[in-house]
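Visitor: here is my input; please provide its structure:
(chains A and B)
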There are 2 protein chains.
Amino acid sequence: MLVLAGLGISDEKGITLEELEEARNSDLVFLELYTSIWHGSIKNLERIIGKEIQILKRKDLEEEVHKILKLASHKKIVIFVPGDPLVATTHSSIILECMKSGIKFKVIHNSSIVSAICETGLHIYKFGQTVTIPLRERIIEANSIINAIIENKRRGLHTLCLLDVDVENNRYVEVKEAVRFLLENRVIDEDEKLVVGCCLGSVQKRILWKKASEVLLLNLPLPAIIVIPGNLHFSEREMLEKL
Amino acid sequence: MLVLAGLGISDEKGITLEELEEARNSDLVFLELYTSIWHGSIKNLERIIGKEIQILKRKDLEEEVHKILKLASHKKIVIFVPGDPLVATTHSSIILECMKSGIKFKVIHNSSIVSAICETGLHIYKFGQTVTIPLRERIIEANSIINAIIENKRRGLHTLCLLDVDVENNRYVEVKEAVRFLLENRVIDEDEKLVVGCCLGSVQKRILWKKASEVLLLNLPLPAIIVIPGNLHFSEREMLEKL
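Guide: Just a heads-up that it's a prediction; the model follows:
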């Protein structure tokens, strides 16, 4: 059996009691940290569940996923994943492989930036399509990102911009780089106010509501997201003004 | 201090270790269950945290929120809320009141249907604006719902349809009622395939991919959501076909 368990967006204390129970009752515990930045402590997580944790690399869950599936066919394995496990589309394919091979699986959900964004005061039902601001070397189709933002704006909707990461190669889109990308592609202008959320869900949390030109001057911690606000409801504005 | 803590979408075992610690170290623990359907056990949750839990009604967090704030000004209180606490916009106003009154607060995130929807195999970045299918007596502005769905469809995006609830008055939008609403308003037709997710995150989980006319014939458990799919990516289709 394979249990895909979300670590949520905070640290090792973000695991749920169900996850703790599953990990304690499992044969092997794995952890992947390449799809997102996680500020938890592996040592503490090992202490909490009372088991050694093996770190998975991208190739272990992509090219060599058959090894994991083979283990799951006769052992109970838990794979911890930052955030809510299936938001990273790469993990859906593991579930699909389980379905194809008749391997039992279970998904345990956890917090994700996709809903935690509401801590800014912005309403979930006012968001349009989400985009990811890519690393420079991965910009293939800037057009689809730009179009999504323009369409969201036209409808008065907010755009959640996730920031691309390549944790294994230590490459991250910094907040100011992302803002530069948006300015260069003329989907925002320098005077436009953006909402930036850094380390949401942790004690280092920072939420800003500032002009793009001001955000450009700041060094902000990761993980972070940027929201390009659409039309603000008065209660959204009231919350942002209190930041 | 006020701690707003998400219960997530499963049951009492969905609470995180951080939430457990906060609840154990608090003076008072409250629980609101009027914004969503929660299948956990209050008794078990009380046993887990080792404290009595007081149930809050809508009026306690809306008209009489000053009583809660007064308590939070000199005691540490924890309010448990289904899902991720700020997805229900009504809870943002409590945080806003804390900001205005200088009361310390903390939000602890947890799983939400907004990200758990990925268990269907649908990709998060292919969703457009979310809508809520209202209870009959609350239908004021069907137009904004209809327009959002039409615009999402035009862009090839999926629409997540949440189903309205009025737990205190035992009133729920059933899946088939919601489908009827969509058919009556001509945003879908009978042959269109919908994705329905029931009790996602729990052992009773059911995910269906069926024509609207077929969904109309089923009695499905709540909580549930309906997705009106846009253009399906091949990997999304592959997953749905395996259901």
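Visitor: from here on, just use CA atoms for contacts and neighbour counts.
Guide: Fine.
Visitor: what segments of chain A are helices?
Guide: Assigned by DSSP state H, the helices in chain A fall at A:17-24, A:42-49, A:58-61, A:65-74, A:92-101, A:113-116, A:142-154, A:175-184, A:212-215, A:234-241.
Visitor: so the residue lying farthest from the centre of chain A versus residue A:67, what's the distance?
Guide: The C-alpha centroid of chain A is most remote from residue A:74, which lies 30.9 Å away (Cα atoms, centre = their mean). As judged by Cα to Cα, to the nearest Å, residue A:74 and residue A:67 stand 12 Å apart.
Visitor: please parse chain A into its domains.
Guide: A:2-111, A:114-241 (automatic domain parsing).
Visitor: mean pLDDT and distance to chain B added to those domains, as CSV?
Guide: Shown next, in CSV, are the domains of chain A (pLDDT from 0 to 100; distance: least, Cα to the nearest Cα, whole Å):
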stretch, mean pLDDT, distance to chain B
domain A:2-111, 96, 4
domain A:114-241, 96, 5
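Visitor: between those domains, which gets nearest to residue B:22?
Guide: Taking Cα to Cα, domain A:2-111 is the member of the domains of chain A nearest to residue B:22, at 11.0 Å.
Visitor: how distant is that closest one from the center of its chain?
Guide: 15 Å (Cα atoms, centre = their mean, to the nearest Å).
Visitor: equivalent analysis for stretch A:223-234, please.
Guide: Using Cα atoms, centre = their mean, the offset of stretch A:223-234 from its chain centre is 16 Å.
Visitor: that older thread, need the nearest residue in space to the residue farthest from the centre of chain A, chain neighbours excluded.
Guide: Using Cα to Cα, 6 or more residues apart in numbering or on different chains and skipping the chain neighbours, the partner closest in space to residue A:74 is residue A:1 (7.2 Å).
Visitor: how close does the one you found sit to residue B:229?
Guide: Distance of residue A:1 to residue B:229, computed by Cα to Cα: 30 Å.
Visitor: residue A:71 too?
Guide: 34 Å.
Visitor: give me the more crowded residue out of the two.
Guide: residue B:229 (21 against 15; other Cα atoms under 10 Å in any protein chain shown).
Visitor: and that one, its phi and psi?
Guide: Dihedral angles of residue B:229 (phi, psi; degrees, to the nearest 10) stand at phi -70, psi 150.
Visitor: assess the claim that it and residue B:194 are in contact.
Guide: Yes - here residue B:229 lies in contact with residue B:194, judged by Cα atoms under 8 Å, at a distance of 6.6 Å.
Visitor: shared neighbours of these two, which are they?
Guide: Counting by Cα atoms under 8 Å, 6 or more residues apart in numbering or on different chains, residue B:229 and residue B:194 have no common neighbour.
Visitor: how long is stretch A:25-39 from one end to the other?
Guide: 25 Å.
Visitor: tell me which residues in that stretch are buried?
Guide: A:26-38 (16 or more other Cα atoms under 10 Å in any protein chain shown).
Visitor: what number of residues lie near the closest residue to residue A:216 other than its chain neighbours?
Guide: Among residues not flanking residue A:216 along the chain, residue A:176 sits closest, at 4.8 Å (Cα to Cα, 6+ apart). Look at residue A:176: counted by other Cα under 10 Å, it has 18 neighbours.
Visitor: please tell me how far residue A:176 sits from residue B:9.
Guide: On the measure of Cα to Cα, residue A:176 and residue B:9 end up 35 Å apart.
Visitor: ok, now residue A:161?
Guide: The spacing between residue A:161 and residue B:9, counted by Cα to Cα, is 25 Å.
Visitor: more neighbours: the two, which one.
Guide: The neighbour count for residue A:161 versus residue B:9, taken as other Cα under 10 Å, is higher for residue B:9 (29 against 21).
Visitor: show the contacting residues for that one.
Guide: Listed by Cα under 8 Å, 6+ apart, the contact set of residue B:9 reads A:109, B:38, B:82-83, B:111-113, B:200-202.
Visitor: what do you get for residue A:105?
Guide: A:1-4, A:95, A:98 are the contacts of residue A:105 under Cα under 8 Å, 6+ apart.
Visitor: dump the domains of chain A to CSV, plus distance to residue B:56.
Guide: Shown next, in CSV, are the domains of chain A (distance: least, Cα to Cα, whole Å):
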stretch, distance to residue B:56
domain A:2-111, 23
domain A:114-241, 22
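Visitor: closest to residue B:118 out of those domains?
Guide: Of all the domains of chain A, domain A:2-111 comes closest under Cα to Cα, at 5.5 Å.
Visitor: contacts for stretch A:55-70?
Guide: Residues from elsewhere that reach stretch A:55-70 (Cα under 8 Å, 6+ apart): A:2, A:30-34, A:94, A:97-98, A:103, A:168.
Visitor: what residues of it count as buried?
Guide: Buried residues in stretch A:55-70 (16+ other Cα under 10 Å): A:56, A:58, A:61, A:68-69.
Visitor: now the closest residue to residue A:16 other than its chain neighbours: how far from residue A:7?
Guide: Nearest in space to residue A:16, with sequence neighbours left out and distances taken as Cα to Cα, 6+ apart, is residue B:16 at 3.9 Å. Per Cα to Cα, residue B:16 is found 10 Å from residue A:7.
Visitor: which residues are common contacts for those two?
Guide: The contact sets of residue B:16 and residue A:7 overlap at A:14-15 (Cα under 8 Å, 6+ apart).
Visitor: residue A:179 touches residue A:212, doesn't it?
Guide: Yes - using Cα under 8 Å, residue A:179 makes contact with residue A:212 at a distance of 6.7 Å.
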